[in-house]
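[1] let me see the structure of the following:
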Amino acid sequence: MARQILKYPHPFLCEKAYPVEEITPDLKDLVAKMAEIMYDSEGVGLAAPQIGQCSRVVVIDLSGPEKREALQVFINPEIVRADGVEVKDEGCLSVPFGYRADVKRAQTVTVRAQDLEGNEFEVEAEGLFARCLQHEIDHLNGKLFIDHISRLKRSLFDGRIKKSRRLKKDAD
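    From the prediction side, this is the model:
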């Protein structure tokens with residue numbers, strides 16, 4: 001079955017992902033498929049729940065867009081330290097209309113995770129890398145970046161979604 005990126009307001013995007021218990025060939029296949037989908041969509045990060053897999057798996061590659069040669073895999077990632085605050089523009093492959101908004105996030109984070117061999121590691125990240133890790137880990141916890149915006153902006157965005165659904169329904 002071909003996987004595709006789920007779009008808000010798909011209910012699966014609000015579910016909390018389950019920890020990965022063991023590294024299996026199926027998990028490695030999932031990671032390869034996630035990387036392929038992320039690259040095809042011109043994204044820099046993707047979490048398993050975005051393609052309908054309720055596992056705590058994230059792929060990130062900030063090396064593009066011309067070349068993609070720095071794929072990083074995070075199994076069961078968790079933020080163990082966060083420092084500073086910055087507000088920057090974010091978008092998401094699961095949020096329709098190319099919607100973007102300013103989101104407040106930690107400036108630097110330390111993340112603990114496992115690699116595809118099951119080895120535990122920690123990474124310290126800042127800037128775009130830190131933002132991307134926080135964004136993707138949010139997906140694992142059933143949150144989207146739009147959960148971090150003001151009520152007014154969220155209400156306006158949700159109204160746009162409802163209108164789009166109504167128009168689509170009328171056209172069918």
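[2] use CA for all of it now, contacts and neighbours both
    OK.
[3] mind listing residues that contact the helix or strand harbouring residue 36?
    Using DSSP states H and E, residue 36 sits within helix 25-40. Taking contacts as C-alpha atoms under 8 Å, 6 or more residues apart in numbering, the residues outside helix 25-40 that touch it are 4-5, 44-48, 51, 57, 59, 68, 71, 73, 116.
[4] who's in contact with the residue nearest the centre of the chain?
    The chain has residue 136 as the residue nearest its centroid, 3.3 Å off, counting by C-alpha atoms, centre = their mean. Contact partners of residue 136, counting by C-alpha under 8 Å, 6+ apart, are 45-47, 58.
[5] buried subset of those?
    Neighbour counting with 16 or more other C-alpha atoms under 10 Å marks 45-47, 58 as buried within the contacts of residue 136.
[6] and residue 169, which helix or strand is it part of?
    helix 151-171.
[7] buried set for that helix?
    By 16+ other C-alpha under 10 Å, the buried positions in helix 151-171 come out as 157, 161.
[8] what mean pLDDT does the longest strand seen in the chain get?
    Under DSSP state E, the strand in the chain containing the largest number of residues is strand 72-83. Throughout strand 72-83, pLDDT has a mean value of 98.
[9] that one vs helix 25-40, what angle?
    With axes from the mean of the first three to the mean of the last three C-alpha atoms, to 10 degrees as the basis, strand 72-83 and helix 25-40 are set at 80 degrees to each other.
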